[in-house]
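Here you go, sequence then predicted model.
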Amino acid sequence: MTFASVLNLTLKLSLSTLLLSSVAQANGTIPSYKANITRDGVTKVRVIQSFWSGEYPGPVVDINAKAAKGTTTIPVYKSIRDLSGKTSCAVKNGVYHEWSRTKNSVLNYYAISALEEYIAEKDLTISTADEPTYKAQLKAGTKLTEIVYFGEGYSGGVIDDGKTRKQVILDNESYGALEKTPGLKQLSADEPLKGDMHYEQWIRVKCEDGRKLFASVDELLKTKGVQEGTILEYGRAGRADETYE
């Protein structure tokens, strides 16, 4: 293995560890919550998460990044829950991605995904990837909810007993065991396991005039002056004209 390969692997592992620790329990908060999301007149309970899922989360959004300075006008919304208040605003040119190293107008990254949740019909124990016990106790009536994919084979879920909420980490093995756990019943009719693969990506931006609004990644990539950028290496995103290293 070359030095470059070792360095890249080390970076990947360290970033994965950072992802799990920061996403799972950033300052004691949980990076996801349930919300009513309305699309095409239909309202469903979805999960809003404050990060993009995936080992190499994409796409990279290049907003006239080669120009470096200047601004570009993009479509934005006041709310991602019902797509109300559609308007436009000017944002800084640059690379828009969680791994971007350029200046931009990003306040935060969000994703909206299908709800996957379970309820314990009796007191039971589930396997987790959390040290040191690698398990969690669920009392009857407790929900395991807001299960979302992080990356590198790890997902996060929330144990909600109606009074408190606690984040748990699941690896592929412990996640796969959920539907086979006696006494653990699937609740959501719109969950990924039942064919609902709903997933949207959003960027909250601070417009040049000071307004704080939401931009749809799908719509951005259809906007004049915007194109898909490039993942240059693990942990680093670049412009559309840059190449993978």
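That came through fine. Please read all numbers here as calculations on a predicted model, not as lab measurements.

which phi and psi does residue 86 have?
Per-residue torsions, residue 86: phi -70, psi 130 (degrees, to the nearest 10).

Do you know the pLDDT at it?
Note on residue 86: pLDDT of 95.

Now for it, how many residues are close by?
13 (other CB atoms under 10 Å). Every C-beta, even on glycine, is put in place using the N, C-alpha and C of the backbone.

same deal with residue 85?
Neighbour count for residue 85, taken as other CB under 10 Å: 11.

What strand or helix carries residue 166?
Assigned by DSSP states H and E, residue 166 belongs to strand 165-171.

Sorry, slip of the keys, the one I care about is residue 219.
helix 217-220.

what residues does the host helix or strand of residue 204 touch?
Element membership for residue 204 (DSSP H and E) is strand 199-206. Strand 199-206 is contacted by residues 52-53, 61, 74, 76, 80, 89, 91, 96, 105-114, 212-218, 220 when judged by CB atoms under 8 Å, 6 or more residues apart in numbering.

Identify those among those that sit within helices.
217-218, 220 (DSSP state H).

where are the low-confidence patches of this protein?
Within the chain, the stretches with pLDDT under 70 are 1-29, 189-196, 245.

Show me the helices in it, by range?
Using DSSP H, the helices of the chain run over residues 3-24, 172-176, 217-220.

show me what contacts residue 223?
Contact analysis of residue 223 by CB under 8 Å, 6+ apart lists 72, 74-75.

Now do it against residue 175, distance only.
Here residue 223 is placed at a distance of 36 Å from residue 175 (CB to CB, to the nearest Å).

do the same with residue 238
Applying CB to CB, the value for residue 238 to residue 175 is 32 Å.

isn't residue 83 right next to residue 75, touching?
No. If you go by CB atoms under 8 Å, residue 83 and residue 75 don't touch, sitting 10.7 Å apart.

that older thread, pull the CA atoms of the strand holding residue 166 into CSV?
Extracted in CSV, the C-alpha atoms of strand 165-171 (Å, rounded to 0.1, in the frame of the first residue of the first chain):
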residue,chain,number,x,y,z
ARG,A,165,-35.2,11.2,23.4
LYS,A,166,-31.9,9.4,23.1
GLN,A,167,-29.8,8.9,20.0
VAL,A,168,-28.5,5.4,19.2
ILE,A,169,-26.1,4.2,16.5
LEU,A,170,-26.9,1.2,14.4
ASP,A,171,-24.4,-0.7,12.1
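
Check which helices and strands that strand is in contact with.
helix 3-24, strand 143-151, strand 154-160 (3 or more CB pairs under 8 Å, 6 or more residues apart in numbering; DSSP states H and E).
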